[in-house]
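Enquirer: 3D model of this:
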Amino acid sequence: MNASLRLGWRTLWRDLRAGELRLLIVAVVLAVAALTAVGFFADRLQGGLQRDARQLLGGDAVVVSDNPTPDAFVAQAKSMGLEGTGTYGFPTMARADDV
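Expert: Numbering: from 1, shown residues only. Coordinates of the predicted model:
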């Protein structure tokens, strides 16, 4: 066996017996477990929020447009027995003269 490789294994074994390397390994395993748990929790939370948002919305389809919905589209939806509602969004902005 190569002398430097043998020295490396001896040093590794000594560090393992001393406990410092074990502490480093435990810290790395704990960090990986914490990151995995946080990622899993965030994914589950996002999925739950999306599911609840769909239930709160109460609709299967949403039509979003900058222009009013065409009358032909509304008439066809009503002929199919669908119900709809219209909402308006107003972007707000305040401006004051420079003093």
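Enquirer: how about the helices in the protein?
Expert: 3-18, 20-57, 71-79 (DSSP state H).
Enquirer: with mean neighbour count and distance to T92 added, can I get those helices in CSV?
Expert: For every residue, glycine as well, the C-beta is placed using N, CA and C. Formatted as CSV, the helices of the chain follow (neighbours: other C-beta atoms under 10 Å; distance: least, C-beta to C-beta, whole Å):
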stretch, mean neighbour count, distance to T92
helix 3-18, 10, 63
helix 20-57, 10, 23
helix 71-79, 11, 28
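Enquirer: for this protein, which spans come out with low pLDDT?
Expert: 1, 54-61, 99 (pLDDT under 70).
Enquirer: hang on, the earlier thing: any chance of the helices of the chain in JSON lines, with distance to T85 too?
Expert: Output for the helices of the chain, formatted as JSON lines (distance: least, C-beta to C-beta, whole Å):
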{"stretch": "helix 3-18", "distance to T85": "68"}
{"stretch": "helix 20-57", "distance to T85": "11"}
{"stretch": "helix 71-79", "distance to T85": "11"}
